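Participant: Need a 3D model of the following:
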Amino acid sequence: MTTALVAPQQAPTERLIGLVVDSLTSPESKRSYRKALDDFLDWYDREPRAGFTKATIQAYRAHLEERGLSPSTINVRLAAIRKLASEAADNGLMPPELAAGIARVKGARQCGVRSGNWLTRDQAEDLLNAPDHTTLKGKRDRALLGVLLGCGLRRKEAAGLDVAHIQQRDGRWVIVDLIGKGGRVRTVPMPSWAKAAVDVWTVAASIDSGRIFRSINKGDRITGDSMTPQAVFETVRHYAAEIGLGIAPHDLRRTFAKLAHKGQAALEQIQLSLGHASIETTERYLGVRQDLTDAPCDHLGLRVEVAP
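Facilitator: Numbering: from 1, shown residues only. Sure, this is the predicted structure:
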(Lines give C-alpha, C1' and ligand atoms only; values in the text may rest on other atoms or scores of the structure.)
Protein backbone atom coordinates (compact mmCIF):
# COMPACT_ATOMS: atom_id res chain seq x y z
CA MET A 1 0.00 0.00 0.00
CA THR A 2 1.18 3.46 -0.80
CA THR A 3 2.01 5.97 1.92
CA ALA A 4 1.85 8.82 -0.60
CA LEU A 5 -1.90 8.64 -0.81
CA VAL A 6 -2.66 11.52 1.49
CA ALA A 7 -0.20 14.07 0.20
CA PRO A 8 1.47 16.20 1.37
CA GLN A 9 1.54 14.73 4.89
CA GLN A 10 2.55 11.22 3.75
CA ALA A 11 0.27 9.64 6.38
CA PRO A 12 0.41 5.87 6.94
CA THR A 13 -2.46 4.50 4.90
CA GLU A 14 -3.05 1.51 7.14
CA ARG A 15 -3.60 3.81 10.10
CA LEU A 16 -6.23 5.71 8.16
CA ILE A 17 -8.03 2.55 7.15
CA GLY A 18 -8.06 1.52 10.79
CA LEU A 19 -9.70 4.82 11.72
CA VAL A 20 -12.39 4.28 9.09
CA VAL A 21 -13.13 0.67 10.03
CA ASP A 22 -13.11 1.38 13.78
CA SER A 23 -15.74 4.10 13.30
CA LEU A 24 -18.25 1.51 12.04
CA THR A 25 -20.40 -0.74 14.21
CA SER A 26 -21.69 -3.37 11.79
CA PRO A 27 -19.32 -6.28 11.00
CA GLU A 28 -20.73 -6.35 7.45
CA SER A 29 -19.99 -2.63 7.00
CA LYS A 30 -16.48 -3.11 8.35
CA ARG A 31 -15.80 -5.86 5.80
CA SER A 32 -17.42 -3.90 2.97
CA TYR A 33 -15.48 -0.69 3.65
CA ARG A 34 -12.23 -2.57 4.16
CA LYS A 35 -12.58 -4.31 0.81
CA ALA A 36 -13.59 -1.06 -0.89
CA LEU A 37 -10.49 0.72 0.41
CA ASP A 38 -8.15 -2.17 -0.40
CA ASP A 39 -9.49 -2.25 -3.98
CA PHE A 40 -9.11 1.51 -4.30
CA LEU A 41 -5.52 1.44 -3.06
CA ASP A 42 -4.70 -1.39 -5.45
CA TRP A 43 -6.04 0.70 -8.35
CA TYR A 44 -4.25 3.80 -7.03
CA ASP A 45 -0.87 2.05 -6.93
CA ARG A 46 -1.00 0.63 -10.45
CA GLU A 47 0.21 3.84 -12.07
CA PRO A 48 1.28 7.36 -11.03
CA ARG A 49 -1.56 9.52 -9.76
CA ALA A 50 -1.88 13.25 -9.16
CA GLY A 51 -2.64 12.63 -5.48
CA PHE A 52 -5.65 11.92 -3.31
CA THR A 53 -7.86 14.58 -4.89
CA LYS A 54 -11.36 15.06 -6.25
CA ALA A 55 -10.09 14.48 -9.79
CA THR A 56 -8.51 11.16 -8.77
CA ILE A 57 -11.74 9.95 -7.16
CA GLN A 58 -13.73 10.98 -10.23
CA ALA A 59 -11.34 8.93 -12.34
CA TYR A 60 -11.82 5.98 -10.00
CA ARG A 61 -15.59 6.28 -10.26
CA ALA A 62 -15.26 6.16 -14.07
CA HIS A 63 -13.08 3.06 -13.68
CA LEU A 64 -15.75 1.34 -11.56
CA GLU A 65 -18.43 2.23 -14.09
CA GLU A 66 -16.30 0.80 -16.93
CA ARG A 67 -16.10 -2.46 -14.97
CA GLY A 68 -19.88 -2.67 -15.11
CA LEU A 69 -20.44 -2.56 -11.35
CA SER A 70 -23.94 -1.71 -10.16
CA PRO A 71 -24.69 1.84 -8.97
CA SER A 72 -25.25 0.62 -5.40
CA THR A 73 -21.84 -1.12 -5.33
CA ILE A 74 -20.11 1.95 -6.76
CA ASN A 75 -21.79 4.21 -4.21
CA VAL A 76 -20.72 2.02 -1.29
CA ARG A 77 -17.12 2.16 -2.51
CA LEU A 78 -17.25 5.92 -2.92
CA ALA A 79 -18.74 6.27 0.56
CA ALA A 80 -15.75 4.38 1.99
CA ILE A 81 -13.34 6.70 0.16
CA ARG A 82 -15.19 9.80 1.38
CA LYS A 83 -14.94 8.43 4.91
CA LEU A 84 -11.21 7.89 4.41
CA ALA A 85 -10.77 11.52 3.36
CA SER A 86 -12.90 12.75 6.27
CA GLU A 87 -10.88 10.78 8.83
CA ALA A 88 -7.65 12.04 7.30
CA ALA A 89 -8.79 15.65 7.56
CA ASP A 90 -10.16 15.23 11.09
CA ASN A 91 -6.80 13.86 12.26
CA GLY A 92 -4.72 16.58 10.62
CA LEU A 93 -3.39 14.24 7.94
CA MET A 94 -4.94 16.00 4.96
CA PRO A 95 -5.96 19.59 4.13
CA PRO A 96 -9.71 20.04 4.86
CA GLU A 97 -10.28 21.61 1.46
CA LEU A 98 -9.07 18.44 -0.29
CA ALA A 99 -11.37 16.30 1.85
CA ALA A 100 -14.27 18.64 1.07
CA GLY A 101 -13.58 18.29 -2.64
CA ILE A 102 -13.62 14.48 -2.41
CA ALA A 103 -16.90 14.66 -0.45
CA ARG A 104 -18.45 16.47 -3.41
CA VAL A 105 -17.74 13.64 -5.87
CA LYS A 106 -21.15 12.50 -7.07
CA GLY A 107 -22.19 8.90 -6.76
CA ALA A 108 -23.47 6.70 -9.57
CA ARG A 109 -27.01 7.48 -10.59
CA GLN A 110 -29.62 4.87 -9.70
CA CYS A 111 -32.56 4.82 -12.06
CA GLY A 112 -35.76 3.71 -10.37
CA VAL A 113 -36.06 1.33 -7.44
CA ARG A 114 -34.59 -2.16 -7.59
CA SER A 115 -37.46 -4.59 -7.31
CA GLY A 116 -35.27 -7.57 -6.50
CA ASN A 117 -36.18 -11.24 -6.78
CA TRP A 118 -38.93 -13.21 -5.15
CA LEU A 119 -40.32 -16.72 -5.45
CA THR A 120 -43.75 -17.90 -6.46
CA ARG A 121 -45.62 -20.08 -3.97
CA ASP A 122 -44.70 -23.21 -5.95
CA GLN A 123 -41.02 -22.21 -6.05
CA ALA A 124 -41.04 -21.50 -2.33
CA GLU A 125 -42.50 -24.96 -1.63
CA ASP A 126 -39.91 -26.58 -3.91
CA LEU A 127 -37.13 -24.81 -2.02
CA LEU A 128 -38.48 -25.89 1.36
CA ASN A 129 -38.65 -29.50 0.18
CA ALA A 130 -35.16 -29.49 -1.41
CA PRO A 131 -33.13 -30.58 1.69
CA ASP A 132 -32.80 -34.31 2.39
CA HIS A 133 -34.91 -34.73 5.53
CA THR A 134 -33.29 -38.10 6.33
CA THR A 135 -29.97 -36.47 7.27
CA LEU A 136 -29.13 -34.19 10.20
CA LYS A 137 -27.93 -31.48 7.83
CA GLY A 138 -31.12 -31.77 5.80
CA LYS A 139 -33.25 -31.34 8.92
CA ARG A 140 -31.24 -28.26 9.91
CA ASP A 141 -31.43 -26.74 6.46
CA ARG A 142 -35.18 -27.30 6.13
CA ALA A 143 -35.68 -25.57 9.49
CA LEU A 144 -33.39 -22.73 8.40
CA LEU A 145 -35.23 -22.21 5.13
CA GLY A 146 -38.46 -22.41 7.12
CA VAL A 147 -37.66 -19.43 9.36
CA LEU A 148 -36.26 -17.42 6.45
CA LEU A 149 -39.34 -17.96 4.30
CA GLY A 150 -41.95 -18.34 7.02
CA CYS A 151 -40.85 -15.51 9.30
CA GLY A 152 -39.03 -13.15 6.92
CA LEU A 153 -35.82 -13.10 8.95
CA ARG A 154 -32.57 -11.60 7.76
CA ARG A 155 -29.71 -14.11 7.50
CA LYS A 156 -27.92 -12.51 10.46
CA GLU A 157 -31.10 -12.80 12.52
CA ALA A 158 -31.50 -16.45 11.59
CA ALA A 159 -27.86 -17.19 12.46
CA GLY A 160 -28.30 -15.56 15.87
CA LEU A 161 -31.63 -17.23 16.65
CA ASP A 162 -31.65 -18.77 20.13
CA VAL A 163 -33.87 -21.48 21.58
CA ALA A 164 -35.06 -18.97 24.19
CA HIS A 165 -36.36 -16.69 21.41
CA ILE A 166 -39.15 -19.13 20.52
CA GLN A 167 -42.04 -18.80 22.96
CA GLN A 168 -45.83 -18.88 23.04
CA ARG A 169 -47.87 -15.70 22.97
CA ASP A 170 -51.66 -15.50 22.66
CA GLY A 171 -51.88 -19.20 21.90
CA ARG A 172 -49.32 -19.29 19.10
CA TRP A 173 -45.58 -19.69 18.63
CA VAL A 174 -43.56 -16.53 18.06
CA ILE A 175 -39.96 -15.36 17.99
CA VAL A 176 -39.68 -12.81 20.81
CA ASP A 177 -37.22 -10.00 21.47
CA LEU A 178 -35.53 -10.35 18.11
CA ILE A 179 -32.99 -7.56 17.66
CA GLY A 180 -32.87 -6.47 14.04
CA LYS A 181 -31.38 -3.73 11.92
CA GLY A 182 -30.86 -0.45 13.73
CA GLY A 183 -31.23 -2.20 17.09
CA ARG A 184 -35.01 -2.41 16.68
CA VAL A 185 -36.61 -5.15 18.79
CA ARG A 186 -39.64 -7.03 17.46
CA THR A 187 -41.78 -10.13 17.91
CA VAL A 188 -42.32 -12.30 14.84
CA PRO A 189 -45.16 -14.86 14.56
CA MET A 190 -44.15 -18.32 13.27
CA PRO A 191 -46.24 -20.46 10.91
CA SER A 192 -46.92 -23.91 12.33
CA TRP A 193 -44.94 -25.65 9.59
CA ALA A 194 -41.82 -23.59 10.35
CA LYS A 195 -42.10 -24.36 14.07
CA ALA A 196 -42.54 -28.06 13.24
CA ALA A 197 -39.38 -28.02 11.08
CA VAL A 198 -37.43 -26.36 13.89
CA ASP A 199 -38.71 -28.97 16.36
CA VAL A 200 -37.67 -31.86 14.09
CA TRP A 201 -34.17 -30.38 13.82
CA THR A 202 -33.65 -29.53 17.50
CA VAL A 203 -34.91 -32.93 18.68
CA ALA A 204 -32.65 -34.77 16.22
CA ALA A 205 -29.70 -32.58 17.22
CA SER A 206 -30.48 -32.74 20.98
CA ILE A 207 -30.55 -28.94 21.18
CA ASP A 208 -32.47 -27.50 24.13
CA SER A 209 -30.58 -24.25 24.72
CA GLY A 210 -28.25 -21.85 22.92
CA ARG A 211 -28.18 -21.17 19.21
CA ILE A 212 -30.68 -23.10 17.14
CA PHE A 213 -28.63 -23.36 13.95
CA ARG A 214 -25.16 -24.90 14.17
CA SER A 215 -22.39 -25.95 11.83
CA ILE A 216 -22.35 -29.51 10.50
CA ASN A 217 -19.42 -31.31 8.86
CA LYS A 218 -19.40 -33.60 5.85
CA GLY A 219 -19.85 -36.55 8.16
CA ASP A 220 -23.26 -35.15 9.16
CA ARG A 221 -22.10 -34.32 12.66
CA ILE A 222 -22.50 -31.04 14.55
CA THR A 223 -19.12 -29.35 14.88
CA GLY A 224 -19.91 -26.05 16.56
CA ASP A 225 -22.40 -24.16 18.68
CA SER A 226 -23.41 -21.63 16.03
CA MET A 227 -23.71 -20.91 12.32
CA THR A 228 -22.36 -17.81 10.57
CA PRO A 229 -24.45 -15.47 8.39
CA GLN A 230 -22.16 -16.40 5.49
CA ALA A 231 -22.98 -20.08 6.02
CA VAL A 232 -26.68 -19.17 5.90
CA PHE A 233 -26.05 -17.39 2.60
CA GLU A 234 -24.24 -20.38 1.13
CA THR A 235 -26.96 -22.78 2.28
CA VAL A 236 -29.68 -20.78 0.54
CA ARG A 237 -27.65 -20.45 -2.65
CA HIS A 238 -26.96 -24.21 -2.67
CA TYR A 239 -30.59 -25.29 -2.51
CA ALA A 240 -31.72 -22.51 -4.83
CA ALA A 241 -29.24 -23.76 -7.44
CA GLU A 242 -30.59 -27.30 -7.01
CA ILE A 243 -34.03 -26.19 -8.16
CA GLY A 244 -32.68 -23.87 -10.87
CA LEU A 245 -32.93 -20.52 -9.10
CA GLY A 246 -30.36 -17.80 -8.52
CA ILE A 247 -31.44 -16.19 -5.27
CA ALA A 248 -29.97 -15.04 -1.96
CA PRO A 249 -31.36 -15.08 1.61
CA HIS A 250 -32.77 -11.57 1.30
CA ASP A 251 -34.90 -12.75 -1.61
CA LEU A 252 -36.61 -15.16 0.80
CA ARG A 253 -37.40 -12.23 3.07
CA ARG A 254 -38.88 -10.43 0.10
CA THR A 255 -40.82 -13.57 -0.83
CA PHE A 256 -42.29 -13.68 2.68
CA ALA A 257 -43.60 -10.15 2.20
CA LYS A 258 -44.93 -10.79 -1.32
CA LEU A 259 -46.77 -14.01 -0.47
CA ALA A 260 -48.20 -12.56 2.74
CA HIS A 261 -49.47 -9.52 0.84
CA LYS A 262 -51.04 -11.68 -1.85
CA GLY A 263 -52.69 -13.66 0.92
CA GLN A 264 -54.40 -10.44 2.10
CA ALA A 265 -52.17 -9.83 5.15
CA ALA A 266 -52.38 -6.22 6.35
CA LEU A 267 -49.51 -4.04 5.15
CA GLU A 268 -48.75 -2.71 8.62
CA GLN A 269 -48.59 -6.26 10.01
CA ILE A 270 -46.08 -7.24 7.31
CA GLN A 271 -44.07 -4.15 8.26
CA LEU A 272 -44.07 -5.19 11.93
CA SER A 273 -42.93 -8.74 11.11
CA LEU A 274 -40.11 -7.48 8.89
CA GLY A 275 -39.04 -4.82 11.40
CA HIS A 276 -39.08 -1.97 8.89
CA ALA A 277 -38.91 1.50 10.38
CA SER A 278 -40.74 2.92 7.38
CA ILE A 279 -43.84 1.64 5.59
CA GLU A 280 -42.27 2.87 2.34
CA THR A 281 -39.55 0.23 2.71
CA THR A 282 -42.21 -2.47 3.04
CA GLU A 283 -43.99 -1.12 -0.04
CA ARG A 284 -40.77 -1.42 -2.03
CA TYR A 285 -40.45 -5.04 -0.93
CA LEU A 286 -43.97 -5.70 -2.13
CA GLY A 287 -43.69 -3.76 -5.36
CA VAL A 288 -47.14 -2.33 -4.67
CA ARG A 289 -46.44 0.51 -7.05
CA GLN A 290 -46.07 -1.97 -9.89
CA ASP A 291 -48.15 -5.14 -9.65
CA LEU A 292 -46.81 -7.45 -12.35
CA THR A 293 -49.60 -9.99 -11.89
CA ASP A 294 -52.50 -7.51 -12.09
CA ALA A 295 -51.11 -4.60 -14.07
CA PRO A 296 -53.12 -1.60 -15.35
CA CYS A 297 -52.70 -2.81 -18.93
CA ASP A 298 -54.67 -5.93 -18.00
CA HIS A 299 -57.73 -3.76 -17.37
CA LEU A 300 -57.84 -1.80 -20.63
CA GLY A 301 -60.58 -3.96 -22.11
CA LEU A 302 -59.05 -3.88 -25.60
CA ARG A 303 -59.35 -6.78 -28.02
CA VAL A 304 -56.80 -6.66 -30.83
CA GLU A 305 -56.24 -9.25 -33.49
CA VAL A 306 -52.59 -10.04 -33.97
CA ALA A 307 -51.61 -11.28 -37.39
CA PRO A 308 -49.41 -14.42 -37.44
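Participant: Can you pull up the most central residue in this structure?
Facilitator: His250 (5.7 Å; C-alpha atoms, centre = their mean).
Participant: Look at that residue and report its pLDDT.
Facilitator: For His250, the model assigns a pLDDT of 88.
Participant: Please tell me I have it right and it contacts Leu153.
Facilitator: No: contact criterion C-beta atoms under 8 Å: His250 and Leu153 do not qualify, at 10.3 Å. Quick note: C-beta positions are derived from backbone N, CA and C, even for glycine.
Participant: re earlier: now for the residue nearest to the centre of the chain, which secondary structure element holds it?
Facilitator: Here His250 sits within helix 249-262, counting by DSSP states H and E.
Participant: Counting neighbours, what do you get for Trp118?
Facilitator: Trp118 has 20 neighbours, counted by other C-beta atoms under 10 Å.
Participant: List the buried residues of the next helix-or-strand element following the helix holding His250.
Facilitator: Next helix or strand after helix 249-262 toward the C-terminus (DSSP H and E): helix 267-274. For helix 267-274, the buried set under the neighbour-count rule, 16 or more other C-beta atoms under 10 Å, comprises Ile270, Gln271, Ser273, Leu274.
Participant: per-residue pLDDT, Ile166?
Facilitator: 96.
Participant: What separation do you get for the residue nearest to Lys54 when sequence neighbours are not counted and Ala88?
Facilitator: Residue nearest to Lys54 in three dimensions, not counting chain neighbours: Gly101, with 3.7 Å by C-beta to C-beta, 6 or more residues apart in numbering. Going from Gly101 to Ala88 by C-beta to C-beta, to the nearest Å gives 13 Å.
Participant: got it, and Arg140?
Facilitator: In this view, Arg140 and Ala88 are 46 Å apart by C-beta to C-beta.
Participant: my guess is Asn75 contacts Lys106, does it?
Facilitator: No: counting by C-beta under 8 Å, Asn75 stays clear of Lys106, with 9.7 Å between them.
Participant: Give me the more crowded residue out of those two.
Facilitator: Of the pair Asn75 and Lys106, Asn75 is the one with more neighbours under other C-beta under 10 Å, namely 18 against 9.
Participant: got the angle for the top strand by length along the chain vs helix 267-274?
Facilitator: Longest strand in the chain, counting residues (DSSP state E): strand 172-179. Interaxial angle, strand 172-179 versus helix 267-274 (axes from the mean of the first three to the mean of the last three C-alpha atoms, to 10 degrees): 60 degrees.
Participant: Check which helices and strands strand 172-179 sits against.
Facilitator: Packing partners of strand 172-179 (3 or more C-beta pairs under 8 Å, 6 or more residues apart in numbering; DSSP states H and E): strand 166-169, strand 185-189.
Participant: deepest of those, which one?
Facilitator: strand 185-189 (a mean of 16; mean count of other C-beta atoms under 10 Å).
Participant: Who are the packing partners of it?
Facilitator: With 3+ C-beta pairs under 8 Å, 6+ apart as the test, strand 185-189 has strand 172-179, helix 267-274 packed against it.
Participant: Outside of the last one itself, list whatever touches it.
Facilitator: I take that to be helix 267-274. Residues from elsewhere that reach helix 267-274, judged by C-beta atoms under 8 Å, 6 or more residues apart in numbering: 151-152, 186, 188-189, 253, 256-257, 260-261, 279, 281-283, 285-286, 288.
Participant: Cool, thanks, talk later.
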